[in-house]
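Asker: sequence first, then the predicted structure:
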Amino acid sequence: MATANPETRYSQREVIDLLKIEDPKIRGVFLNGGIETRFLTLPPRDGNGDYRIESQGELLAKHRQHGIRTGAEAIRKCLAELGRAPRDIGYLVAVTTTGFLTPGFSALLINELGMSPHTARLDVVGMGCNAGLNGLNAVASWSAAHPGELAILACSESCSAAYVFDGTMRTAVVNSLFGDGAAALAVCTDGADEPGPDDARTDGAAAAPLPELLSQRSYMITKAVDAMRYDWDEDAGKFSFYLDKEVPYEVGAHVEIVVDRLLIEQGLRRKDIAHWIVHSGGKKVIDAVKINLGLTAHDLRHTVSVMRDYGNLSSGSFLFSYRRLLAERIVRPGDYAVFMTMGPGSQIETALLRFR
């Protein structure tokens, strides 16, 4: 797997100074959320040198331009690690939430990278931060039906294209949290042409264990269906993201239900899990997951560090954390890992993996 980000990176303090945010409560939201830096594409400047308000059309153009660029870069880097080419891809699942296009990112990425016109594709759009694991479910199902063929999951989010600057606390929470980035994951089921263990390398090191996807389980908190949403803001005249303050508590109250089901079906308990890869959804969400699952700061070190360095990257956040786990080179054959993402619905997605 591989990741990519835009060229421009800012500290939280730089963002509030550049955008001339003076409200002390909003400044506090930016500075006290556990985030130090993010990759962002700020609005263009007006004649006075100030950042101006972008139209919905300009935001959509930003989504397309930067989403395709970082998505393509992540896929290229992912393929390079395997010694494969874009035309080797049999199936592409493109995940995004920060804009709506037809044709979607899957078609645009196939065209951008020069993939085979026979490449099967799927767009997962509008599902939010949990969508990376929804996309993985589709990739795994296709791979099981096409052994030996290469599939790619690409999560590409230009969260800068979803920002509204109206001075309200609602939009301030969103603007302080999300960052831009993309991640690509290669998946293959046993077959003659599959990437073997010798292909799973990190920075030229010796072969690393390969993860095997054992199971995925979902849980929707139906009473909180509107707690996270991206819908039309009539006052702003554009789409706007909304996060209810109760989201961390709802996630915390229900996370045990889906995790325990995922593990019990495989005859496992939480103490059997060596690696926890949890979505960097925000400081309060991470704390809620930690407390309710009885996890340690060490268990969530990558979740916290990704949020610190990138902010919430929406659907691709968990893959950035997974990349950091792989870079540690501590995974051993027989280790179990849990992937967990949370997003609109309100939805909790989980996956169980075993390394071999």
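Answerer: That came through, no problem. Residues are numbered from 1 along each chain as shown.
Asker: next, count neighbours for residue 38.
Answerer: Neighbour count for residue 38, taken as other Cβ atoms under 10 Å: 29. To be clear about C-beta, it is placed using only N, CA and C from the backbone, and glycine gets the same treatment.
Asker: you'd agree residue 342 is up against residue 348?
Answerer: Yes - in this structure residue 342 lies within contact range of residue 348 using Cβ atoms under 8 Å: 5.2 Å.
Asker: same drill for those two, tell me which one is more crowded.
Answerer: residue 342 (31 against 25).
Asker: I'd guess the more buried one is in a strand, am I close?
Answerer: Yes - using DSSP: H, G, I helix; E, B strand; the rest coil, the assignment for residue 342 is a strand.
Asker: low-confidence stretches in the protein?
Answerer: 192-206 (pLDDT under 70).
Asker: can you give the domain ranges for it?
Answerer: 2-198, 209-355 (automatic domain parsing).
Asker: returning to what we had before: what do residue 342 and residue 348 both touch?
Answerer: Common neighbours of residue 342 and residue 348, using Cβ atoms under 8 Å, 6 or more residues apart in numbering, are 130, 251.
Asker: from residue 176, how far off is the spatially most central residue of the chain?
Answerer: Nearest to the mean C-alpha position of the chain, counting by Cα atoms, centre = their mean, stands residue 316 at 1.7 Å. According to Cβ to Cβ, to the nearest Å, residue 316 stands 19 Å off from residue 176.
Asker: hey, where'd the helices end up in the stretch 201-350 of the chain?
Answerer: 247-264, 283-293, 301-310, 317-328 (DSSP state H, counting those that start in this stretch).
Asker: now these in a markdown table, with mean neighbour count?
Answerer: Below are the helices of the stretch 201-350 of the chain laid out as a markdown table (neighbours: other Cβ atoms under 10 Å):
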| stretch | mean neighbour count |
| --- | --- |
| helix 247-264 | 19 |
| helix 283-293 | 19 |
| helix 301-310 | 21 |
| helix 317-328 | 22 |
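Asker: among those helices, which comes closest to residue 97?
Answerer: For those, proximity to residue 97 was assessed by Cβ to Cβ; helix 317-328 is nearest, at 11.8 Å.
Asker: what's the angle from the closest one to helix 301-310?
Answerer: Per axes from the mean of the first three to the mean of the last three Cα atoms, to 10 degrees, the angle that helix 317-328 makes with helix 301-310 is 110 degrees.
Asker: show me the contact partners of helix 317-328.
Answerer: Against helix 317-328 from outside (Cβ under 8 Å, 6+ apart): 1-3, 129, 132-133, 155, 181, 183, 185, 202-203, 208, 275, 277-281, 302-303, 305-307, 310, 313, 331, 337, 339-341.
Asker: filter the residues you listed to the buried ones?
Answerer: Buried members of the contacts of helix 317-328, scored by 16 or more other Cβ atoms under 10 Å, are 1-3, 129, 132-133, 155, 181, 183, 185, 208, 275, 277-281, 302-303, 306-307, 310, 313, 331, 337, 339-341.
Asker: related to what we said a few turns ago, now tabulate the helices of the stretch 201-350 of the chain in CSV and tack on distance to residue 111.
Answerer: CSV is the format used below for the helices of the stretch 201-350 of the chain (distance: least, Cβ to Cβ, whole Å):
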stretch, distance to residue 111
helix 247-264, 37
helix 283-293, 36
helix 301-310, 28
helix 317-328, 23
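Asker: what's the closest of the ones you listed to residue 36?
Answerer: So among these, helix 301-310 is nearest, using Cβ to Cβ, at 5.2 Å.
Asker: what comes into contact with that closest one?
Answerer: Residues from elsewhere that reach helix 301-310, judged by Cβ under 8 Å, 6+ apart: 5, 34-39, 179, 181, 276-280, 282-283, 286, 297, 313, 317, 320-322, 324-325.
Asker: same thing but 7 Å
Answerer: Outside helix 301-310, the residues that touch it by Cβ atoms under 7 Å, 6 or more residues apart in numbering are 34-39, 179, 181, 277-278, 280, 286, 317, 320-321, 324-325.
Asker: got it, and stretch 220-234?
Answerer: Here stretch 220-234 has contacts from 97, 128, 162, 164, 239-244, 246-247, 250, 254, 343-347, using Cβ under 7 Å, 6+ apart.
Asker: swap in 8 Å and give it another go.
Answerer: 97, 126, 128-129, 162, 164, 238-244, 246-247, 250-251, 254, 343-348.
Asker: again, but for stretch 284-300
Answerer: Outside stretch 284-300, the residues that touch it by Cβ under 8 Å, 6+ apart are 34, 247-249, 251-253, 255-256, 259, 270, 276, 278-280, 303-304, 307, 340, 342.
Asker: pull out the buried positions in the longest helix seen in the chain.
Answerer: Counting by DSSP state H, the longest helix found in the chain is helix 56-82. Neighbour-count burial for helix 56-82, counted by 16+ other Cβ under 10 Å, picks out 59-60, 62-64, 66-79, 81-82.
Asker: residue 304 versus residue 10, what's the distance?
Answerer: Separation of residue 10 from residue 304 (Cβ to Cβ) stands at 20 Å.
Asker: same question for residue 94.
Answerer: Distance, residue 94 to residue 304, by Cβ to Cβ: 28 Å.
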